[in-house]
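**Student:** coords please:
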Amino acid sequence: MEGVVGVVVILVVLVLAIKLMGLALSLVWAGVVGLAVGALARAVLPGAQNLSLIQMLGYGLAGSLIGNVIAHKVFHVGFLLGLAVEVAVAAGLITVLRNRLPKP
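**Tutor:** Now for the predicted structure:
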């Protein structure tokens with residue numbers, strides 16, 4: 001009986017560890033995508049954009065999340081058009097909010 005409990009405990013710990021690793025990798029991937037979308041949004045806007053790396057990450061993450069919902073859940077478009085929507089949303093956020101936030 002004690003051996004069975006030990007095996008169950010080990011299995012539960014392994015499953016939780018795998019789930020936590022998946023969550024950690026998802027967060028890292030979201031950060032990479034956020035930086036890429038933020039950088040693309042910054043590049044498509046005319047003029048100089050005085051944004052810190054953290055601000056660009058924030059705009060990119062917000063643009064990715066909002067754009068993903070709009071593109072994939074509302075309009076059911078493919079990957080490339082979805083990426084374009086995410087970049088457009090991030091660029092819109094930069095345009096609307098950049099004057100309201102303190103300068104880096």
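**Student:** so Thr76, which state does it fall into?
**Tutor:** That one is not Thr; residue 76 is His. Classification of His76 by DSSP: H, G, I helix; E, B strand; the rest coil places it in coil.
**Student:** contact partners for Leu83?
**Tutor:** Neighbouring residues of Leu83 by CB atoms under 8 Å, 6 or more residues apart in numbering: Val37. To be clear about C-beta, it is placed using only N, CA and C from the backbone, and glycine gets the same treatment.
**Student:** just the element for it, please.
**Tutor:** helix 79-97 (DSSP states H and E).
**Student:** for that helix, buried residues please.
**Tutor:** 82-83, 85-94 (16 or more other CB atoms under 10 Å).
**Student:** what do you get for stretch 44-60?
**Tutor:** By 16+ other CB under 10 Å, the buried positions in stretch 44-60 come out as 49, 51, 55-60.
**Student:** from the buried residues of helix 79-97, which single one is nearest Val44?
**Tutor:** Ala91 (5.6 Å; CB to CB).
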